[in-house]
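[1] Need coordinates for the following:
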Amino acid sequence: MFKKDSFAYWLENGLKTLKNENAFCLNIYDEDDEWTCELVGTNKFFNENDNWYFDETSIYNRNHPFTLITKYKKGNYKEIFEKFASYLTNLITKNPSLKNLVKNKTFAYGFVDDKLYFINTNEKELN
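    Residues are numbered from 1 along each chain as shown. Below is the predicted model of the structure:
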């Protein structure tokens, strides 16, 4: 369904590129029949009325986003997202290299202009 090995490699390269950032957000885009993503670096996440937002300080691969999923059926959106969320959580928390790259930092993901989900949080990056 998603390209697990190539995504893990892409994510690790992105986190290394943005290593000086305090927090990261994996922005997911639903474009026609595919999902793409970019990795954004930020200094802090802000909460306003249970709506999280952040100021982008750096972006990994905005001009060439990673294609997560192609040719999916619109009806199984929730199931696909839950599987990806589970995979991403396991990847971040169990892969030693990725775990080290987000240590003492905040990592969130979600569809652009939708709810953010946090995998790893550092209280000083949350407001």
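
[2] roughly how far apart are Pro65 and Asn47?
    Distance of Pro65 to Asn47, given as C-beta to C-beta, to the nearest Å: 26 Å. In this view, the C-beta of every residue, glycine as well, is placed from N, C-alpha and C.

[3] Which one of these two is surrounded by more residues?
    Counted by other C-beta atoms under 10 Å, Pro65 and Asn47 do not tie: Pro65 has more neighbours, with 20 against 11.

[4] Glu38 is in contact with the more buried one, correct?
    Yes - look at Pro65 against Glu38 with C-beta atoms under 8 Å: they come within range, at 4.9 Å.

[5] C-terminal to the helix or strand containing Leu26, what's the next element?
    Element membership for Leu26 (DSSP states H and E) is strand 23-31. Once the chain leaves strand 23-31, the next helix or strand it forms, by DSSP H and E, is strand 34-42.

[6] what pairs with that following strand, and is each one parallel or antiparallel?
    Within its sheet, strand 34-42 is paired with strand 23-31 (antiparallel), strand 58-60 (antiparallel), strand 66-70 (antiparallel), according to DSSP bridges.

[7] Quickly list what's touching both of Pro65 and Glu38.
    Residues touching both Pro65 and Glu38 by C-beta atoms under 8 Å, 6 or more residues apart in numbering: Tyr29.

[8] Helix or strand with the lowest mean pLDDT in the chain?
    strand 51-54 (a mean of 78; mean pLDDT, DSSP states H and E).

[9] neighbouring strands for that strand, and are they parallel or not?
    By DSSP bridges, strand 51-54 pairs with strand 45-48 (antiparallel).

[10] Give the buried residues for the strand it pairs with.
    Phe45 (16 or more other C-beta atoms under 10 Å).

[11] Distance from the chain centre to that strand, please.
    Distance of strand 45-48 from its chain centroid, counting by C-alpha atoms, centre = their mean, to the nearest Å, is 17 Å.

[12] before we move on, the earlier item: of the strands paired with strand 34-42, flag the one that's most buried.
    Among these, ranked by average contacts under mean count of other C-beta atoms under 10 Å, first place goes to strand 23-31 (a mean of 20).
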